[in-house]
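Enquirer: When you get a sec, could you give me coordinates for this:
(one chain, ligands or ions: 1)
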Amino acid sequence: MEYTYESFKESADYILGRIDFKPEIALILGSSLGTLSEEIKNPVIIDYKDIPNFLRTTVDSHAGKLIIGELGGKKVVCMSGRFHYYEGYEFEQLVTPIRVFHLLGVETVILTNAAGAVNTSYKTGEIMIIEDHIKLTGASPVRGPNIDEFGPRFFDMSNTYTKEYRDLTKKIAGDLGIKINEGVYFYCTGPQFESPAEIRAIRALGGDAVGMSTVTEAITAAHCGMNVLGLSLMTNMAAGVLDQPVTTEEVDETAEKAADEFKILLREIIKNM
Ligand code: HPA
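Expert: Numbering: from 1, shown residues only. Below is the predicted model:
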């Protein structure tokens, strides 16, 4: 389909018709980190398939729902089920959730993900605040006719990850005694994990962590002037760092183990935003 301002507006109007308040914060939670959505109070749950022009999940077992309600005293909209390029979507389709959230009135998006640690001083289970990102592969999500209502054709990416929220996260992590890193997230399309040679190249280019999500959403948010907080959980050391393969089992296992600490941190951040 062709995406226009009206098509995004139609999605947003449908959602607004199902709720009687406007969410301020959007949460897009990475693999195995999504259970925070269970804590949302008085949730209105909307299936993606009921929202006009919204994307459909490619895996039937994936939730594919928006959960809208209250968390940490804030009105939030949370995606249960995220969209990635490796699933077969075009980059241009991946703007949909963020643009629809913008039209709901959301001003801040929190993006979390599982990532491989490229920086060898990081340890598995640690969290990294995304300071900046590198995306050298594929098209831009905002390629194509520019929709001026969202933002200008050419736009700045110098302050994509809002400094105020990075500083807030550092302070809260310090208060909670949670070790926190800050670094550069390097985007790879996947679904294959990277080769050890790619990881060496990524390190030489300035990447501290590597993953397959978040950046398309952050670019879309920057285009329409939203605040972004990005947090990566180091679920594994990136390929070639250790003498062992990178496996989904390790990624899921680490995410599960770290989920509680991650949730405590996120809840406190949302409360203080
Ligand atoms: N590479 C890419 N994506 C990932 C990784 C990784 O090592 N770990 C979790 N997501």
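Enquirer: Confirm that residue 183 lies within a strand, as I assumed.
Expert: Yes - judged by DSSP: H, G, I helix; E, B strand; the rest coil, residue 183 forms part of a strand.
Enquirer: which residues touch the residue of the stretch 51-200 of the chain found nearest the ligand?
Expert: Taking C-beta to the nearest ligand atom, the ligand has its nearest neighbour within the stretch 51-200 of the chain at residue 116, 2.2 Å off. (Glycine included, C-beta is placed from N, CA and C.) Residues in contact with residue 116, defined by C-beta atoms under 8 Å, 6 or more residues apart in numbering, are 193-194, 199, 209-211, 234-239, 246.
Enquirer: and the ligand, which of these reach it?
Expert: 193-194, 210-211, 235-236, 238, 246 (C-beta under 6 Å from any ligand atom).
Enquirer: Buried residues, stretch 50-57. List them.
Expert: Neighbour-count burial for stretch 50-57 flags 51, 53-55, 57 (criterion: 16 or more other C-beta atoms under 10 Å).
Enquirer: Restricting to C-alpha, output it in CSV.
Expert: Taking Å, rounded to 0.1, in the frame of the first residue of the first chain, the C-alpha atoms of stretch 50-57 are listed here in CSV:
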residue,chain,number,x,y,z
ASP,A,50,-7.9,-4.4,13.8
ILE,A,51,-6.0,-1.2,13.2
PRO,A,52,-6.5,0.1,9.7
ASN,A,53,-3.3,0.3,7.6
PHE,A,54,-1.1,-1.1,10.5
LEU,A,55,1.4,-3.8,9.9
ARG,A,56,0.6,-7.4,10.6
THR,A,57,3.0,-9.7,12.5
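Enquirer: what sits up against it?
Expert: 1, 3, 7-8, 10-11, 14-15, 48-49, 63-64, 66, 81, 83, 89, 93, 96-97, 100.
Enquirer: Go through those residues and flag which are in strands.
Expert: residue 66 (DSSP state E).
Enquirer: List buried residues within the contacts of stretch 50-57.
Expert: 3, 7-8, 10-11, 14-15, 48, 63-64, 66, 81, 83, 89, 96-97, 100.
Enquirer: Among the residues you listed, which are located in helices?
Expert: 7-8, 10-11, 14-15, 96-97, 100 (DSSP state H).
Enquirer: where does the chain come near the ligand, residue by residue?
Expert: 114-116, 188, 193-194, 210-212, 235-236, 238, 246, 251.
Enquirer: repeat that for 5 Å
Expert: Contacts of the chain with the ligand, taken as C-beta under 5 Å from any ligand atom, map to 114, 116, 193, 210-212, 235, 238, 251.
Enquirer: Phi first, then psi, for the residue at the greatest distance from the centre of the chain.
Expert: Distance from the centre of the chain peaks at residue 243, with 29.5 Å (C-alpha atoms, centre = their mean). Here is the backbone geometry of residue 243 (degrees, to the nearest 10): phi -90, psi 60.
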